[in-house]
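> Predicted model, plus sequence, below.
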Amino acid sequence: MPDDGLSRANDPAAAPLIECYERIAQASHEMLAAARHGDWDGVARLESTCRALIAELRQATARDRLGLREQRRRIALLREILADDAEIRARAEPWLQQLEWLARAPGGRRED
C-alpha cells in the first residue's frame with residue numbers, strides 16, 4: 001500500500017523531521033526580514049542558528065521518514081528557503097561589492 005502520509009498523521013516520530021524544516025524556514029524568513037532592514041549582524045546571527053538547525057535536521061533525517069504529505073510540505077518549505085536565500089544574496093551583493101571595492105582602494109578608503 002503506498003504511503004499517503006495519512007497513516008503517519010498520528011505518529012509522534014513523524015513530527016520532528018518536518019518540524020526541523022519548519023524551524024529552518026522560519027529562521028530563513030527572519031534572515032530575509034533582517035536583510036530587508038539592512039541588519040547584517042542579525043543576518044549573521046540567524047545564519048548561525050540555521051547551521052545548528054541543519055545539524056538537527058541531519059540527525060532527524062537519519063532516524064525519521066516523511067510520509068507523502070510531509071514530503072510535499074518539505075518541498076514547499078525548501079522552495080521558500082531558496083527564494084529567501086536568493087533575495088538575501090541579491091540584497092547582500094551590492095554591500096559585498098562595495099566592501100570588495102573598499103578593500104581594493106588605497107588605504108581602504110573610498111575615493112569619491
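Looks like it came in fine.

> Can you give me the buried ones in the longest helix belonging to the chain?
Among the segments of the chain that qualify as a helix by DSSP state H, the longest is helix 68-104. Judged by neighbour count using 16 or more other CB atoms under 10 Å, the buried positions of helix 68-104 are 69, 70, 73, 74, 77, 80, 81, 84, 88, 91. C-beta: built from backbone N, CA, C; applies to glycine.

> mind listing what the residue nearest in space to the middle of the chain touches?
Nearest residue to the geometric centre of the chain (CA atoms, centre = their mean): residue 28, 3.9 Å. Applying CB atoms under 8 Å, 6 or more residues apart in numbering to residue 28 gives the contacts 50, 80, 81, 84, 85.

> Can you pick out the most distant pair from those residues?
50 and 80 (13.2 Å; CB to CB).

> one step back: continuing past the strand or helix carrying the residue nearest to the centre of the chain, what's the next helix or strand?
Counting by DSSP states H and E, the element that carries residue 28 is helix 14-36. Next in sequence after helix 14-36, counting helices and strands by DSSP H and E, comes helix 40-63.

> Can you pull the poorly scored residue ranges out of the protein?
1-15, 95-96, 107-112 (pLDDT under 70).

> ok, 80 please
1-15, 94-102, 105-112 (pLDDT under 80).
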